[in-house]
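Colleague: heads up, no residue letters with this:
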């Protein structure tokens with residue numbers, strides 16, 4: 001069964017730092033997501049600073065359109081986006097098709113969709129622990 005660390009080995013390693021001069025762009029992307037209703041589960045008074053980079057990246061990956069994804073990769077280093085993707089999305093069975101798309105087209109991974117089907121489902125394991 002594939003593990004998260006295996007996926008990191010498939011791609012190239014790189015810097016996790018954001019690109020310079022992007023605070024305004026982060027705020028603009030946050031406001032765009034907020035106006036689209038993507039951040040509906042958060043307070044209407046939520047600011048970008050309260051949400052943070054990781055949740056912004058996660059929400060764009062999950063719910064953003066192509067323009068949002070382009071903006072995301074213009075703002076953040078590819079390796080940082082990939083780290084958030086690996087930490088939050090790839091083990092979630094609800095996003096198998098999305099993970100396959102992101103892996104092939106954005107992160108240059110040579111994997112098939114079955115790779116994600118066979119991965120341990122961290123979300124399920126956490127819910128199972130909470131239920132017991």
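Modeller: Sure thing, it's come through. In this text the structure is predicted, and so the values were computed from the model without any measurement.

Colleague: okay, CA-based contacts and neighbour counts for the rest of this
Modeller: Noted.

Colleague: measure residue 75 to residue 69 for me?
Modeller: From residue 75 across to residue 69, the span is 10 Å (CA to CA, to the nearest Å).

Colleague: That should have said residue 60, apologies.
Modeller: With the distance defined as CA to CA, residue 60 ends up 6 Å from residue 69.

Colleague: Same question for residue 104.
Modeller: Applying CA to CA, one obtains 14 Å for the distance of residue 104 from residue 69.

Colleague: For the two, work out which one has more neighbours and name it.
Modeller: Neighbour comparison, residue 104 and residue 69: the larger count goes to residue 69, with 19 against 14 (by other CA atoms under 10 Å).

Colleague: quick one: contacts for the more buried one?
Modeller: Residue 69 is in contact with 60-61, counting by CA atoms under 8 Å, 6 or more residues apart in numbering.

Colleague: Let's verify residue 115: helix, strand, or coil?
Modeller: Three-state assignment for residue 115 (DSSP: H, G, I helix; E, B strand; the rest coil): helix.

Colleague: Can you give me the neighbour number for it?
Modeller: Counted with other CA under 10 Å, residue 115 comes out at 16.

Colleague: can you check residue 100 too?
Modeller: Residues contacting residue 100 under the criterion other CA under 10 Å number 21.

Colleague: Assign a three-state SS to it, would you?
Modeller: Following three-state DSSP, the label given to residue 100 is helix.

Colleague: who's in contact with it?
Modeller: Residue 100 makes contact with 111-113, 116, according to CA under 8 Å, 6+ apart.

Colleague: can you tell me how far the nearest residue to residue 97 once chain neighbours are set aside sits from residue 72?
Modeller: Take residue 97 and drop its neighbours on the chain: the residue closest to it by CA to CA, 6 or more residues apart in numbering is residue 113, 6.9 Å away. From residue 113 across to residue 72, the span is 24 Å (CA to CA).
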